[in-house]
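Trainee: Sequence and predicted structure below; questions after.
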Amino acid sequence: MIIAIDGPAGSGKSTVAKIVAGKLHFRYIDTGSMYRAVAWKSLLKNVDLSDEETVAEIARNVKIDLVPEEGGQSVFVDGENATNQLKQETISRAAAVVAAQPMIRKIMTKKQRELGNREDVVMDGRDIGTVVFPNAEKKFFLDAEPKERGRRRFDELKTKNQEADVDLVTIVEQVKQRDHEDRTRKIAPLRQADDAISIDTTHLDISQVVDQIMKEIGRVLHR
């Protein structure tokens, strides 16, 4: 069984997906970390991220292992635990560049399908329900107002590093810019699948979102 959870940055999809996967005893797969892994590996090799051919070669050959752990997953890239490095804001911005390139998108979509076809999964991303698994048994699209998503991202960055030089206005603008890039890219743009259940998380806490999703999934499991 495949549960697809899509949405823009800061919508809560990753946190929610981890919890839902834990409750269902499904494998959690964060597809965004796969693009971040390719971006990180490319930067380590001093590759120009706009060099699609070279980045695509890295995407084909890099070994990405998503290792389940309590509360989520660790990401190993060519045997190295890169979990913390991949959370850096610079890597997130680099991943947006990589993810917009058709060759890389095609390669990563294939890898994601291979992972999803092995076992029951909860997979989150931006095109899971529309491109990667359009026939997923249950699809959800999480969203929230940009200011709220920016605030969440700001709080997350400050929690990780209290000394980080970040300000809320800048983070909100970065969220809006990422939205524009994701929604307007030519290949696999961010959009809600026609048969996805939309959840506005602006005024909901994580447990409320999880409860809504679990109720919907329960209707499928108990048919």
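Mentor: Received it, and whenever you're ready, just let me know what you need.

Trainee: Could you use CA atoms for every contact and neighbour count after this?
Mentor: Fine.

Trainee: so what does the helix or strand where Arg152 lies touch, helix or strand wise?
Mentor: According to DSSP states H and E, Arg152 maps onto helix 146-160. Packing partners of helix 146-160 (3 or more Cα pairs under 8 Å, 6 or more residues apart in numbering; DSSP states H and E): helix 168-184.

Trainee: Just the buried residues of the helix it packs on, please?
Mentor: Ile171, Val172, Gln174, Val175, Lys176, Arg178, Asp179, Glu181, Asp182, Arg183 (16 or more other Cα atoms under 10 Å).

Trainee: That helix vs helix 146-160, what angle?
Mentor: 120 degrees (axes from the mean of the first three to the mean of the last three Cα atoms, to 10 degrees).

Trainee: what's the following helix or strand after helix 168-184?
Mentor: Using DSSP H and E, the helix or strand that follows helix 168-184 towards the C-terminus is strand 197-200.

Trainee: Run a quick neighbour tally on the closest residue to Gln192 other than its chain neighbours.
Mentor: Of all residues not flanking Gln192 in the chain, Phe141 sits nearest, at 6.0 Å (Cα to Cα, 6 or more residues apart in numbering). If you count neighbours by other Cα atoms under 10 Å, Phe141 ends up with 25.

Trainee: Kindly confirm my reading that Phe141 is in a helix.
Mentor: No - using DSSP: H, G, I helix; E, B strand; the rest coil, the secondary structure at Phe141 is strand, not a helix.

Trainee: This protein: strands as residue ranges?
Mentor: 2-6, 27-30, 64-69, 72-77, 80-81, 121-125, 138-143, 197-200 (DSSP state E).

Trainee: Let me have those in CSV, adding mean pLDDT and distance to Asp155 as columns.
Mentor: Output for the strands of the chain, formatted as CSV (pLDDT from 0 to 100; distance: least, Cα to Cα, whole Å):
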stretch, mean pLDDT, distance to Asp155
strand 2-6, 97, 22
strand 27-30, 92, 21
strand 64-69, 87, 24
strand 72-77, 87, 19
strand 80-81, 94, 25
strand 121-125, 95, 21
strand 138-143, 97, 18
strand 197-200, 97, 19
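
Trainee: Among those strands, which comes closest to Ile187?
Mentor: Comparison of the strands of the chain against Ile187 by Cα to Cα identifies strand 121-125 as nearest, at 14.3 Å.

Trainee: Within the sheet, what are the partner strands of that closest one, with directions?
Mentor: When sheet partners are counted by DSSP bridges, strand 121-125 sits next to strand 2-6 (parallel), strand 27-30 (parallel).

Trainee: quick revisit: gap between the residue nearest to Gln192 and Arg27?
Mentor: 19 Å (Cα to Cα, to the nearest Å).
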